[in-house]
Structure formats: structure tokens, C-alpha cells
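Trainee: here's a sequence, model it:
(chains A and B)
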2 protein chains.
Amino acid sequence: MTDYTLYYWSVPFRGQFVRAVLAFAGRSWTEAGDAEITRRMEGPVGDMPVPFMGPPVLVDHATGAAVAQTPAIVLYLGETLDLLPADPAARALTLKVVADANDVIDELTLDGGRQMWTAKRWAEFQPRLRKWMSFWEETGRRHGLKPAAGWLLGGEAPGVADVVTATLWTTVADRFPAIGEILEDEAPMTAALARRVAGTPALAALAERAEADYGEAWCGGRIEASLRRVAG
Amino acid sequence: MTDYTLYYWSVPFRGQFVRAVLAFAGRSWTEAGDAEITRRMEGPVGDMPVPFMGPPVLVDHATGAAVAQTPAIVLYLGETLDLLPADPAARALTLKVVADANDVIDELTLDGGRQMWTAKRWAEFQPRLRKWMSFWEETGRRHGLKPAAGWLLGGEAPGVADVVTATLWTTVADRFPAIGEILEDEAPMTAALARRVAGTPALAALAERAEADYGEAWCGGRIEASLRRVAG
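Mentor: Below is the predicted model of the structure:
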């Protein structure tokens, strides 16, 4: 019996933020699997663990609680597993980082592949991608992050904001080297922080498991192929 | 001296969720104004109150804390003004409702007007719009909401989830009568809840102020005009 059931597609993408928080906290979970997710999504709302338009959905086996929407799931795990800072502003900034990370991956996939990446679109996106990266660098700077030490929101130990940051940037940098190079250039402290946090045993094991389970996949589909052509 | 500065465009849309929580809690705020928002957004990240890609941003004058991203702002206000339930699952569901509301308004504006509404697109969107509405109805049903009594997540008094629900559905129903009619049909308990909460003195006064300040505007621009053609 695991601690949770996670409904998320068999790719990293948005679900990897939730998996990373679970792994960081040393919790176990069962993946519901793509067929079950589809069945629930397309079935009657009354049969859903919680009404949801798309995954992730997390079910806590200990309490029966079911939560959808990534920032809400992160809040739930953060509060019940005592992973959030005590200060309300730092707690809110943690959720802000999660929402920003969600926005970045939506933009990197052109909102779920509405359009495909072309060299021209990718070139036009560069200033905005760098602006997103600069947000992490500036956030770290304001909280005492240094090139080889510190955490995104300060404090003595890595928190949820660091876990989500590491998951976002190492997951894309490992799969799309051009993005990793831009990050090193635009936000070197963030790149180093991401590597430092992703190198902790729990997150390193999770990355290995993702590679074993999903191969090089990130979001999947044609949009991933088009991103690989411009940033691979 | 007001309690907060809110950076949000001079329309309701996403910012109205934050305004509604502030009004519900009896707090005062100054609107930064469109010119100042643009100046901050386009200026150096080091000069931003908090790094942000778009509004809303809220600055708390008492603490100096600055937060961006709607769910994070709602968490900050909910925690510091004691507006959230005590139970972690109910707190997370509150954020889930905020994230759903954000998704609904993004879909109603075709993600910021990437395309314009046509009669055909609007007709094709109907099942999905009804599905969204059914999420509110089902959530209420699971927490004891009745046609003329109760709150979205249960409890003895309206909370942030009710305030955001009321703001979402009454703001669109008042401006786009066709959406109000669909809501009455698909989610009658939600429609009644929204009217009940929106009728409380603080939120009724806020709606009057929105009408005085913004007229019939919701999100503004060509996308609003196209939505009015199909749902006005």
C-alpha cells in the first residue's frame, strides 16, 4: 500500500512537479496510469476523485482527500508534510514559483501544442524565455542565493520552491540542451541551484526513474518533436 | 493610507478575484493604474515589486510583502486575514477553485484573444463550458450545498472559495446573459450560491464600483467584443 495515488500522464511535464515533492518528502505513490486517467476524465463528474479537467490529481490514501490543480496539490503536500516556510509571504512566494513554473512549461509547449515551434517562433520567444529565467535569478538574489550556496527563498534547507525550481530547469535542460545553455548564461545561480537540488539522492533517483520509465520524453507528442528541432 | 496596492488593469477579469477577497475582508487598497503596471512590467526586473510577467500583483503596506500569481495572492490574503478553512484538504480545494476559475476565464477569452469567438467556435465550446459549471455543482453537492443554503466547501459561513465562485459567475453572467442562462440550467445551486454571496453588502458595493469604474467591460479588447457577439 502506497501513501498516494497520482493521476498524471506517463511523461514528466507538469506531473513531475508533484512527483518531485513526493520523492523529496520520502513518500510513496502509485501511478494511476494513462488508461485510468482517460477513463476518469471522460466519465461522469460524479465518479471523479475530485472534479478535474485534466491531471494532475492526487489522492491521499491516509485521509481520502483528493486534490486537482498543481498549485493546490503542492499546497496540500506542503502543509500536510510540513514542507513550507512558516512566513505567509514565503509560503505565498512558494506558490508563486509553482504557478510561474506552470506558465513556463505551458509557454514552452505553446499551450499544449496549439502551434508547432519553428525557428522563427523560437527566435522570437528568446527574450521572453530569458525574462522568465531572470525572475528566478532575481528572486534568488533577493533572498541571498549565491553561485554555490543558498536557496531560492532563503532559509537553512531546500524547500518546495527549490524542488520545483530544480525539477523545472533540470528536466528541460537535460532534454533540450539549448535551453540549458541559455539558463547558464541568463541565470547562472539558478542553474547551479537546480543542479544542487536535483543532485540530492531522492531527486536524483526520481530523475533516473523518469528516464527508465519515459525515456527522453518530456511533454510528448508533436509539440515535443518540434521543440527538439529548435532546442534539442 | 490604504492597506494594499493592487496592480491590475482597469477591468474586472482576473483582478476582480483579488479585489473581491479584499472587499470581503473589509480591507482598503489603492489601484496602481494601467500606466504604472505597464511601466513596471516593461522595466528592469530589479525594479519590480516581485518578478512578474503580468498582473495581478499585490503589495501589502503593513509588511512590504509583494506577491504575484492569483492563487498565490489568494493564499497570502487567506492566511494573513484568516479567511481559509483550518482543514488542509479544504484549504487546498479553495486554491483548486481559484485555479479552476482562472482556467475558465482564460478559456472564455480564448487564452487572451489568440483567436476570436465565432458562432461555430462558441457552439463547440458549449459542452466544455457546461462541464466546467458541473464541477462547481458537484463540488457543492459533495459539501452539502442546497438550492437556497450552504457554501461551496461546507462550513458555517462563506469563505474564499465562495467569494471567488460568486465573482466568477456573477461577473460573467451580468455581462454575458447567455452564460448566465447556461449556468442556471447546468448548475442551479451554483448560480444561486453566486447570487447569494454576491449580494452581501461588501461584494454588492464592489460590483457597483466596477460598473462605475469600468462600465460593462470584463476583459476588454476585441476578444470581449467577440464574446459579446456570441453570448451577449
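
Trainee: residues from chain A in reach of chain B?
Mentor: Within reach of chain B by C-beta under 8 Å from any C-beta of the partner chain, chain A has these residues: A:45-46, A:48, A:50-53, A:60, A:63, A:65, A:67-73, A:75-76, A:79-80, A:88-89, A:91-96, A:99-100, A:103, A:111, A:114, A:131-132, A:134-135, A:138-139. From N, CA and C alone the C-beta is placed, and that goes for glycine too.

Trainee: show me the residues you listed that map onto helices.
Mentor: A:70-73, A:75-76, A:79-80, A:88-89, A:91-96, A:99-100, A:103, A:111, A:131-132, A:134-135, A:138-139 (DSSP state H).

Trainee: isn't A:Leu83 up against A:Leu77?
Mentor: Yes. Between A:Leu83 and A:Leu77 there is a contact under C-beta atoms under 8 Å: 6.6 Å.

Trainee: find the residues that touch each one of these two.
Mentor: A:21, A:25, A:160 (C-beta atoms under 8 Å, 6 or more residues apart in numbering or on different chains).

Trainee: of the residues you listed - the most surrounded one?
Mentor: Most neighbours among those, by other C-beta atoms under 10 Å in any protein chain shown: A:Val160, with 27 neighbours.

Trainee: ok, now which ones touch that residue?
Mentor: A:21, A:24, A:74, A:77-78, A:83-84, A:94, A:98.

Trainee: which helices and strands does the lowest-mean-pLDDT helix or strand in chain A pack with?
Mentor: Taking mean pLDDT, DSSP states H and E as the measure, chain A has helix A:110-113 as its least confident helix or strand, at a mean of 91. Here helix A:110-113 touches helix A:221-231, going by 3 or more C-beta pairs under 8 Å, 6 or more residues apart in numbering or on different chains; DSSP states H and E.

Trainee: buried residues, the helix it packs on. List them.
Mentor: Neighbour-count burial for helix A:221-231, with 16 or more other C-beta atoms under 10 Å in any protein chain shown as criterion, is recorded at A:223-224, A:226-227, A:230-231.

Trainee: same deal with stretch A:7-27?
Mentor: Neighbour-count burial for stretch A:7-27, with 16+ other C-beta under 10 Å as criterion, is recorded at A:7-9, A:11-25.

Trainee: which of the ones in helices among the residues of chain A next to chain B are buried?
Mentor: With burial judged by 16+ other C-beta under 10 Å, the buried subset of these is A:70-73, A:75-76, A:79-80, A:88-89, A:91-96, A:99-100, A:132, A:134-135, A:138-139.

Trainee: could you list every residue that touches the residue nearest to A:Thr167 when sequence neighbours are not counted?
Mentor: Using C-beta to C-beta, 6 or more residues apart in numbering or on different chains and skipping residues adjacent in sequence, the residue nearest A:Thr167 is A:Ala20, 4.2 Å away. Residues in contact with A:Ala20 (C-beta under 8 Å, 6+ apart) are A:163-164, A:166-167, A:203, A:206.

Trainee: next one: A:Pro56
Mentor: Contacts of A:Pro56 (C-beta under 8 Å, 6+ apart): A:6-8, A:14-15, A:18, A:68, A:70, A:73.

Trainee: ok, now A:Asp87?
Mentor: So A:Asp87 contacts nothing (C-beta under 8 Å, 6+ apart).

Trainee: do the one 5 residues further on as well
Mentor: Remark: with contacts taken as C-beta under 8 Å, 6+ apart, A:Ala92 is in contact with B:65, B:67, B:72-73, B:75-76, B:79.

Trainee: please apply the same query to A:Leu145.
Mentor: With C-beta under 8 Å, 6+ apart as the criterion, the residues that contact A:Leu145 are A:151-152, A:189-190, A:193.

Trainee: still on that earlier bit, rebuild the buried residues of helix A:221-231 as a markdown table, extending it with pLDDT.
Mentor: Formatted as a markdown table, the buried residues of helix A:221-231 follow (pLDDT from 0 to 100):
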| residue | pLDDT |
| --- | --- |
| A:Ile223 | 95 |
| A:Glu224 | 95 |
| A:Ser226 | 96 |
| A:Leu227 | 97 |
| A:Val230 | 96 |
| A:Ala231 | 96 |
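
Trainee: the domain parsing of chain A - what is it?
Mentor: Following automatic domain parsing, chain A resolves into domains at A:4-80, A:88-231.

Trainee: start and end of the longest one, how far apart?
Mentor: Taking C-alpha to C-alpha, to the nearest Å as the measure, domain A:88-231 stretches 38 Å from start to finish.

Trainee: distance between that domain and the chain's centre?
Mentor: Relative to the centre of its chain, domain A:88-231 is centred 8 Å away, using C-alpha atoms, centre = their mean, to the nearest Å.

Trainee: coming back round to it: out of the domains of chain A, nearest to B:Phe176?
Mentor: Ranking those by distance to B:Phe176, with C-beta to C-beta as the measure, places domain A:4-80 first at 20.5 Å.

Trainee: so how far is that closest one from its chain's centroid?
Mentor: How far domain A:4-80 lies from its chain's middle: 13 Å, per C-alpha atoms, centre = their mean.

Trainee: hmm, back to that, make a PyMOL selection of the buried ones in the contacts of A:Leu145.
Mentor: To isolate in PyMOL the members of the contacts of A:Leu145 that are buried, counting by 16+ other C-beta under 10 Å, one can use:
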select buried, chain A and resi 151+152+189+190+193
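
Trainee: A:Leu77 and B:Ala231, how far apart?
Mentor: 38 Å (C-beta to C-beta, to the nearest Å).

Trainee: so who does A:Thr70 touch?
Mentor: So A:Thr70 contacts A:14, A:17-18, A:56, A:98, A:102, B:99 (C-beta under 8 Å, 6+ apart).

Trainee: what is the nearest of these to B:Arg39?
Mentor: Checking those against B:Arg39 by C-beta to C-beta gives A:Asn102 as the nearest, at 26.4 Å.

Trainee: pretty sure the closest one sits against A:Arg14.
Mentor: Yes. Using C-beta under 8 Å, A:Asn102 is in contact with A:Arg14, at 6.6 Å.

Trainee: who are the neighbours in contact with the nearest residue to A:Pro56 once chain neighbours are set aside?
Mentor: Nearest non-adjacent residue to A:Pro56, counting by C-beta to C-beta, 6+ apart: A:Tyr8, 4.5 Å away. Contacts for A:Tyr8 (C-beta under 8 Å, 6+ apart) come out as A:14-15, A:18-19, A:31-32, A:37, A:55-57.

Trainee: go on, A:Val197?
Mentor: Contact partners of A:Val197, counting by C-beta under 8 Å, 6+ apart, are A:158, A:162-163, A:165-166, A:203.
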